[in-house]
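[1] Give me the fold of what follows.
(chains A and B)
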Amino acid sequence: MSATATPETVSALLPEIAQLIVTALNLEMAPEEIEPDAPLFGDGLGLDSIDVLEIALVVSKRYGFQLRSDNEDNVRIFASLRALTAHIASQRSQ
Amino acid sequence: MNRRPLLSRRQLDDVFAWRADGPVSVRRFLAEADALAGQLPPGDWLLNVCNDRYRFAVGFVAGLLAGKTSLQPASQSAETLARIEADHPGCCCLCDGEFAAGGLPRIDFPDLSAVDPAKISKIPDIDADRVVAILFTSGSTGLPQPHRKTWGKLVDNGLAEASRLGVDRQPLHIVGTVPAQHSYGFESTFLLALHGGCPFWSGKPFYPQDIAAALAALPPPRLLVTTPFHLSALLAADIPLPEIALLLSATAPLSNELAAQAEARCQAPLLEIYGSTESGQLASRRTLDGASWQLLAGVELAQEGEYTIAHGGHVEGRVPLGDVIECRDDGRFVLIGRHADLINIAGKRTSLAWLNHQIAGIPGVVDAAFFLPDEDPAGGITRLAAFVVAPTLNRQPLLQALRQRIDPVFLPRPLVFLDALPRNTTGKLPRQTLQALFAERQRDG
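    Residues are numbered from 1 along each chain as shown, chains lettered A, B, ... in the order given. Predicted structure coming up:
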């Protein structure tokens, strides 16, 4: 099962996940412009639930696991780039 | 007074819903609703934002029993809540999770596990003429429009859909990916549970793996109530799915490709529902059988000028439809296009005129136009583009200002800055001009 990823592992993976978001969603920005701790929704990057499912698909293909929401909050994993990266780092199987 | 039962085709000890800890009987459901009704504060209105479908159902019926009307807005933005507070004094807000209720008195869904189901001995009935729910559309002007639903029409609505889907002969177990508050989910999960004899899963699964898990938690035969958006993500995930007896889709057009893929994958028919918040659901079709729709029992269409009017059956009054419709001799109809400039992105509706009005209202914007590109033949969600003349504004502040005014699904991608818009001599921007600008932009990458 999953272990908690170290902050160093998460930081090292950040640029890759930022690139994945920009590519998957065709965003008009450079990956390094995504602030690691800014919200991906609302006032941050302004993503919506369509984007979440698109990213979930790309993540499942590349990292070999399916996203789940154990509670009713579908978007908690997507609170920030760092939160998403930490989740991927702890769950990835490839 | 004409009264109709709260539930049809159910006995008190039948299963009403499935929660993570197992089935809930009709008797327990009614006991919980009755207990909650006694805990609601006085007042005529209830805003029920429970995410859990079972808790929504308990809250709705508690409101019914307490004489309240359920308010079901199209969005939960701060602006919407402020309007509800102003227009519906005494409204309280029933929540089952984190929710910023603004100035509305908030009621957290209580623990009802101690109520005694044994005290329930019959299924109550409700005045058929009473307005029990108000569903709101966002309205092409951006101002929410209320649509009042009486209990008798809602009962007929549930019965008509149950009959069309055949669940009156063979009840199905429902998993819904759509909220219980909006018209499609309200009708095809909640009303189908009350009047179609279909028990439902209490959750609202979102990720493909969650949908598979919810289906697996229910006994067969199963009905998946979903949208093209969730369905396409589910199929793309390519994960094992439990057996499904019937797929239902609505809120946005479904491509034949996606329908064919879904039917092949699930070995089940896929039906689409046609309707609107104003009219309720009106017709269905099996997507792969062709473009024409079959009206639900009792519903009729009439032509008035360029508009098609729905009436009869469970439709409240006479409702002009947003689509241009061609009725055929066999009683079926086909959709030809949309009136005006109404658009639908992932099931959310608005109009280009309203969006253009919003962007033009941002200080620093000299001229602007939204544009909806042709649908992507490869499937996927088509996003809006916008062309803007705003020499003093940067991209981020402009997007920030737009975000405060419009739903995120309507934010333009791309947002293209120009020195001037190519308006013609009458000041108009023909669609083909915008199409050419958009194509040029795509080519340049």
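[2] and B:A57, how far is that from B:S70?
    To B:S70, B:A57 is 11 Å away according to C-beta to C-beta, to the nearest Å. Backbone N, C-alpha and C define where each C-beta goes, glycine included.
[3] State which helix of chain A is the longest.
    Criterion DSSP state H: the longest helix present in chain A is helix A:7-25.
[4] Same question for it: list its buried residues.
    A:10, A:13-14, A:17-18, A:20-22, A:24-25 (16 or more other C-beta atoms under 10 Å in any protein chain shown).
[5] What about chain B: which of these touch it?
    The overlap between those and the neighbours of chain B (C-beta under 8 Å from any C-beta of the partner chain) comes to A:L25.
[6] Make CSV from the buried residues of helix A:7-25 and add pLDDT to it.
    CSV is the format used below for the buried residues of helix A:7-25 (pLDDT from 0 to 100):
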residue, pLDDT
A:V10, 93
A:L13, 95
A:L14, 95
A:I17, 95
A:A18, 95
A:L20, 94
A:I21, 92
A:V22, 90
A:A24, 87
A:L25, 85
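[7] Quick check: B:I273 is in a strand.
    Yes: counting by DSSP: H, G, I helix; E, B strand; the rest coil, B:I273 falls inside a strand.
[8] residue contacts, it?
    Counting by C-beta atoms under 8 Å, 6 or more residues apart in numbering or on different chains, B:I273 touches B:161, B:184, B:188, B:248-250, B:281, B:283-284.
[9] rerun that using 6 Å as the cut-off
    B:250, B:281, B:284 (C-beta atoms under 6 Å, 6 or more residues apart in numbering or on different chains).
[10] okay, those in CSV with neighbour count, distance to chain A and pLDDT next?
    Below are the contacts of B:I273 laid out as CSV (neighbours: other C-beta atoms under 10 Å in any protein chain shown; distance: C-beta to the nearest C-beta, whole Å; pLDDT from 0 to 100):
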residue, neighbour count, distance to chain A, pLDDT
B:A250, 24, 17, 93
B:Q281, 24, 23, 97
B:S284, 19, 25, 98
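[11] out of the residues you listed, which one sits closest to B:N394?
    The closest of the contacts of B:I273 to B:N394 turns out to be B:A250 (C-beta to C-beta; 39.7 Å).
[12] I'd like the distance between the closest one and B:R285.
    Going from B:A250 to B:R285 by C-beta to C-beta gives 11 Å.
[13] host element of the residue of the stretch 201-350 of chain B found nearest chain A?
    Residue of the stretch 201-350 of chain B nearest chain A, by C-beta to the nearest C-beta: B:Q209 (3.7 Å). If you go by DSSP states H and E, B:Q209 is part of helix B:208-216.
[14] residues of that helix that come out buried?
    For helix B:208-216, a neighbour-count test (16+ other C-beta under 10 Å) marks B:208-215 as buried.
[15] coming back round to it: just checking, what packs against the longest helix of chain A?
    Judged by 3 or more C-beta pairs under 6 Å, 6 or more residues apart in numbering or on different chains; DSSP states H and E, helix A:7-25 is in contact with helix A:49-63, helix A:81-91.
[16] ranking the ones you listed by burial, who's on top?
    Stretch with highest mean neighbour count among the helices and strands packed on helix A:7-25: helix A:81-91 (a mean of 21; mean count of other C-beta atoms under 10 Å in any protein chain shown).
[17] contacting residues around that one?
    A:2, A:4-5, A:9-10, A:13-14, A:17-18, A:34, A:36-37, A:63, A:65, A:77-78.
[18] closest to B:L415 among the residues you listed?
    Nearest member of those to B:L415, counting by C-beta to C-beta, is A:I34, at 17.2 Å.
[19] For that closest one, report the pLDDT, please.
    The model reports A:I34 with a pLDDT of 91.
[20] B:A297 against B:A160, yeah?
    Yes: between B:A297 and B:A160 there is a contact under C-beta atoms under 6 Å: 5.0 Å.
[21] okay, those two: which has more neighbours?
    Set B:A297 next to B:A160 and count neighbours by other C-beta atoms under 10 Å in any protein chain shown: B:A160 wins out with 24 against 14.
[22] what are the phi and psi angles of the more buried one?
    phi -70, psi -40 (degrees, to the nearest 10).
[23] tally of neighbours for the residue nearest to it when sequence neighbours are not counted?
    Nearest residue to B:A160 in three dimensions, chain neighbours excluded: B:L296, at 4.3 Å (C-beta to C-beta, 6 or more residues apart in numbering or on different chains). If you count neighbours by other C-beta under 10 Å, B:L296 ends up with 25.
[24] Distance from stretch B:387-394 to the middle of the chain?
    Averaging C-alpha positions (C-alpha atoms, centre = their mean, to the nearest Å) puts stretch B:387-394 35 Å from its chain's average.
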